[in-house]
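Student: sequence first, then the predicted structure, then my questions.
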Amino acid sequence: MNSRQATKRIAILFALLSILSACSSQATSTSTIVPATATSTLTPLPTFAPSTTTPTSTPIACLAKPGRLEKSFLESSTPPQEFIVYLPPCYDERADKRYPVLYLLHGQTYTADQWIRLGATKALDSLIVSGETMPFIVVFPDDHYWYTPAGTTFGARLTDEIIPFIDKTYRSLPDPRYRAIGGMSRGAGWALNLGLTRPDLFSVIGLHSLAVFQRDASKVAGWIQSMPLASRPSIFMDIGDNDQELASATQIEAIFAQFDIPHEWHIYTGEHTEEYWSAHVEEYIRWYAEQWNNQ
């Protein structure tokens, strides 16, 4: 074999080794998805058409600015019920437009700004301004009185006071098809409870690192069975593979599968921490948005 042939074969060998090395270094997903086999029987809603223009070319200058946060409270509650409202870009300029509403509930020992700190509004601004999703309103209710007897009334304050106030004060779409509820940890416990017991209010439920209330664990199947088929929600569940709530969350997911409830089920690498939630917050926001984009 002459030296030119030997050099050529060595080059080919190095190229093959480089390709094999690149293939073996690709990360594998730890997500487990259980697609829903049931389909919604709700009346179809208008389809959202993603924008084909970039933020710099659109004539609507307000898209260059982020959404706006308003902090408020209801004095009619004891203690006063605090909450933060996210109004999407161009909310003020488009006075004739109405919006879906997403209610995001924080975890135990945290306050209403938890989702904001973890990047929820940043993700919202990015998706809306880029035209990837339709704009919508987000409400962040506060439940920091969870450790007092007054905290047990949070669910009633949300359904009976906050939601009517939002629908009266802001240009929301007061229809369960345009209303979603989600939460992290204890907030997910509330989302499970309220989402399944109030199908007249919510059609979309997000359960992130679900911490099931002990009193609710045995009621989930009954709630589903008593729910009209047309009112069954779309559900997203995710949890870390080293989360202390994994076993109970898995039991709830099994009930959803048993009754053919439309849902996604993801198990990712991680624990019951803010680091885990912040790593997935954009994915959560995208999923909520898709529930309205795809209708």
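Tutor: Yep, that arrived.

Student: how about the helix or strand hosting Ile239 as CSV, C-alpha atoms only?
Tutor: Assigned by DSSP states H and E, Ile239 belongs to strand 234-240. What follows is strand 234-240 as a C-alpha-only set of coordinates in CSV (Å, rounded to 0.1, in the frame of the first residue of the first chain):
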residue,chain,number,x,y,z
SER,A,234,-57.5,18.6,29.0
ILE,A,235,-54.7,17.9,31.5
PHE,A,236,-51.0,18.3,31.6
MET,A,237,-49.0,16.5,34.4
ASP,A,238,-45.3,16.5,35.0
ILE,A,239,-43.1,15.6,37.9
GLY,A,240,-39.4,14.9,38.7
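
Student: which elements pack onto it?
Tutor: strand 204-208, helix 246-258, strand 263-268, helix 274-293 (3 or more CB pairs under 8 Å, 6 or more residues apart in numbering; DSSP states H and E). For glycine as for every other residue, the C-beta is placed from the backbone atoms N, C-alpha and C.

Student: looking at these, which is closest to Leu192?
Tutor: strand 204-208 (5.9 Å; CB to CB).

Student: what strands line up against that closest one, and which way round?
Tutor: Here strand 204-208 has these sheet partners by DSSP bridges: strand 179-184 (parallel), strand 234-240 (parallel).

Student: buried residues in stretch 213-220, which are they?
Tutor: 216, 220 (16 or more other CB atoms under 10 Å).

Student: same check on stretch 178-188?
Tutor: By neighbour count on 16+ other CB under 10 Å, the buried set for stretch 178-188 is 178-188.

Student: tell me which of those is nearest to Glu132?
Tutor: Using CB to CB, Ala180 is the member of these that sits closest to Glu132, with 17.3 Å.

Student: quick one: residues contacting the closest one.
Tutor: 100-103, 202-206, 288, 291 (CB atoms under 8 Å, 6 or more residues apart in numbering).

Student: can you tell me, leaving aside adjacent residues, what's nearest to it?
Tutor: Spatially, and ignoring its direct neighbours in sequence, Ala180 is nearest to Val204 (3.5 Å; CB to CB, 6 or more residues apart in numbering).

Student: next, count neighbours for the one you found.
Tutor: As a burial measure, Val204 scores 25 neighbours (other CB atoms under 10 Å).

Student: now the angle from the strand holding Ile239 to helix 246-258?
Tutor: With axes from the mean of the first three to the mean of the last three CA atoms, to 10 degrees as the basis, strand 234-240 and helix 246-258 are set at 150 degrees to each other.

Student: what about Ile128, distance to Leu63?
Tutor: Distance, Ile128 to Leu63, using CB to CB, to the nearest Å: 8 Å.

Student: so what sits against both of those two?
Tutor: Pro89.

Student: what's the lowest-pLDDT member of the contacts of Ala180?
Tutor: Least confident of those in the model: Gln291, at 94.

Student: if I read this right, it contacts Phe202, doesn't it?
Tutor: No. With contact defined as CB atoms under 8 Å, Gln291 and Phe202 do not form a contacting pair (11.0 Å).

Student: for the nearest residue to Arg286 once chain neighbours are set aside, what are phi and psi?
Tutor: Distances taken as CB to CB, 6+ apart put Leu127 closest to Arg286, at 6.7 Å, once the chain neighbours are dropped. Leu127 adopts backbone torsions of phi -70, psi -40, taken as degrees, to the nearest 10.

Student: for Leu127, grab the count of nearby residues.
Tutor: Residues lying near Leu127 (other CB under 10 Å) number 19.

Student: residues contacting it?
Tutor: Leu127 makes contacts with 133, 285-286, 289, as judged by CB under 8 Å, 6+ apart.

Student: sorry, back to before: quick one: the helices and strands packed on strand 234-240 as TSV, columns for distance to Asp92 too.
Tutor: Putting the helices and strands packed on strand 234-240 into TSV (distance: least, CB to CB, whole Å) gives the following:
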stretch	distance to Asp92
strand 204-208	26
helix 246-258	40
strand 263-268	34
helix 274-293	21
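
Student: ok, now how distant is Ser77 from Phe154?
Tutor: Between Ser77 and Phe154 the distance, using CB to CB, works out to 9 Å.

Student: now swap in Ile162 and tell me
Tutor: On the measure of CB to CB, Ile162 and Phe154 end up 10 Å apart.

Student: which neighbours do the two share?
Tutor: Common contacts of Ile162 and Phe154 (CB under 8 Å, 6+ apart): Pro141.

Student: for this structure, give me the ranges with low pLDDT.
Tutor: Along the chain, segments meeting pLDDT under 70 span 1-59, 147-152, 294-295.

Student: please enumerate the strands of it.
Tutor: Taking DSSP state E as the test, the strands found in the chain are 68-74, 81-87, 101-105, 137-141, 179-184, 204-208, 234-240, 263-268.
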